[in-house]
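# give me a 3D structure for the following:
(one chain, ligands or ions: 1)
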Amino acid sequence: MHILVTNDDGVMAPGLLALAQAMRQVGDVSVVAPERNWSGSGHVKTLHNPLRVREVTLADGSPALCSDGAPSDCVALALMGVINRPVDMVVSGINPMANLGHDVTYSGTVTAAMESIIAGVPAIAFSLDAGEKGHGYLDYTAAARIARLVVRTALTNGLPKGVFLNVNVPYLPAEEIKGIQLTRKGLRIYRDELEKRQDPRGQYYYWISGQSPTGVPEKGTDFGALAEGYVSVTPLQLDLTAYHHMLGLSEWGWHNGNLPAAANGSETG
Ligand code: MN
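Residues are numbered from 1 along each chain as shown. Modelled structure (predicted):
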């Protein structure tokens, strides 16, 4: 069993070390992670710049590779040949902040897993719901234990093709975590505010700021599980098609490849 570990916080982040150490109890581990923090960078494919890869040593003395690319670039690099061995699973994290609801396409932690799915390799993203504490020292012990359990279970049962897991762990001691809930994406509430400021040369710049996002702790959702002290496991897929609305939208006249009369130039203006 060969597991690739990556993250979006940078190769030296303590959450990555905790995840790599947990994965070594499951199989052989390779680490390819970004050299800097890419949190919130989304699903990136670097096409117009070279990508450099260099060797580093983690805090426990183990070897790792880091790249100047995004988390998704790191996964692509590893799976396309930088790691000279087939990978059975990609795990990403452990992110110090939760990745819930609409966070998933912003999150470098989650989009690293998306890149793996595109390459046909099963993947799991791990985040800790440490909230404001996530800016300081964190104890990853419980989250690492959960990660080991989830990865073992996924490897034993086999993830469905094209499906990856977004796992969020409450920031609680292991004995206080109530269990694992299978959830759907909940509703994130962003409280972003746009600040317009003037630089020393008189030019305006913008800064997206505001308060930390919240969410709706509805039962059955990722937010709901965490609010009750459960680990949230959300199965995700890259197919974003709005299947429930295909029928309704077909009434617009585009079904069966029909070209509506207006597009034929029969309507002016
Ligand atoms: Mn991060």
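
# ranges for the helices of the stretch 151-269 of the chain?
With helices called from DSSP state H, counting those that start in this stretch, the stretch 151-269 of the chain shows them at 222-227, 246-250.

# give me the beta-bridge partners of Arg184?
Thr221 (DSSP bridges).

# tally up the residues packed near whichever residue of the stretch 151-269 of the chain sits closest to the ion, please.
Taking C-beta to the ion as the measure, the point where the stretch 151-269 of the chain comes nearest the ion is Asn168, at 12.7 Å. The way it works is simple: take the backbone N, C-alpha and C, and place the C-beta from them, glycine included. Residues lying near Asn168 (other C-beta atoms under 10 Å) number 28.

# which bits of this structure sit near the ion?
Residues of the chain lying near the ion by C-beta under 5 Å from the ion: Asp8, Asp9, Ser39, Asn95.

# okay, and the helix or strand of this protein with the least pLDDT?
helix 246-250 (a mean of 89; mean pLDDT, DSSP states H and E).

# can I get the CA coordinates of it in CSV?
What follows is helix 246-250, C-alpha atoms only, in CSV (Å, rounded to 0.1, in the frame of the first residue of the first chain):
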residue,chain,number,x,y,z
MET,A,246,-32.4,19.3,-16.4
LEU,A,247,-36.1,18.7,-17.0
GLY,A,248,-37.2,22.2,-16.0
LEU,A,249,-34.5,23.8,-18.1
SER,A,250,-35.5,21.7,-21.1
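
# and the strands in the stretch 51-200 of the chain, which stretches?
53-57, 63-67, 89-95, 123-129, 163-170, 179-182, 188-198 (DSSP state E, counting those that start in this stretch).

# OK, contacts around the spatially closest residue to Gly93 that is not a sequence neighbour?
Excluding the flanking residues, the one nearest Gly93 by C-beta to C-beta, 6 or more residues apart in numbering is Phe126, at 3.3 Å. Going by C-beta atoms under 8 Å, 6 or more residues apart in numbering, Phe126 touches 19, 91-95, 109, 143, 146-147, 150, 167, 169.

# mind doing that once more with 10 Å?
Phe126 is in contact with 7, 15, 18-19, 22, 91-95, 99, 109-110, 113, 140, 143-144, 146-147, 150-151, 165-169, 231, counting by C-beta atoms under 10 Å, 6 or more residues apart in numbering.

# I figured Glu218 hits Ala227, correct?
Yes. Counting by C-beta atoms under 10 Å, Glu218 does reach Ala227; the two are 9.2 Å apart.

# and for those two, which residues touch both?
Shared contacts of Glu218 and Ala227, counting by C-beta under 10 Å, 6+ apart, come down to Gly186.

# how close does whatever residue of the stretch 1-150 of the chain ends up closest to the ion sit to Ala147?
Using C-beta to the ion, Ser39 is the residue of the stretch 1-150 of the chain that sits closest to the ion, at 3.2 Å. Counting by C-beta to C-beta, to the nearest Å, the separation of Ser39 from Ala147 is 19 Å.

# next: Pro50.
Distance from Pro50 to Ala147, by C-beta to C-beta: 33 Å.

# these two: who's more crowded?
Ala147 (27 against 7).

# contacting residues around the more buried one?
So Ala147 contacts 5, 15, 18-19, 22-23, 26, 91, 93-94, 124, 126, 128, 140, 167, 169, 231 (C-beta under 10 Å, 6+ apart).

# rerun that using 8 Å as the cut-off
Leu19, Ala22, Met23, Val91, Gly93, Ile94, Ile124, Phe126, Val167, Val169.

# count of neighbours near the third one?
One way to gauge burial is a neighbour count; for Met23, by other C-beta under 10 Å, it gives 23.

# that's a helix at Gly10, yeah?
No. The assignment for Gly10 (DSSP: H, G, I helix; E, B strand; the rest coil) gives coil, which keeps it out of a helix.
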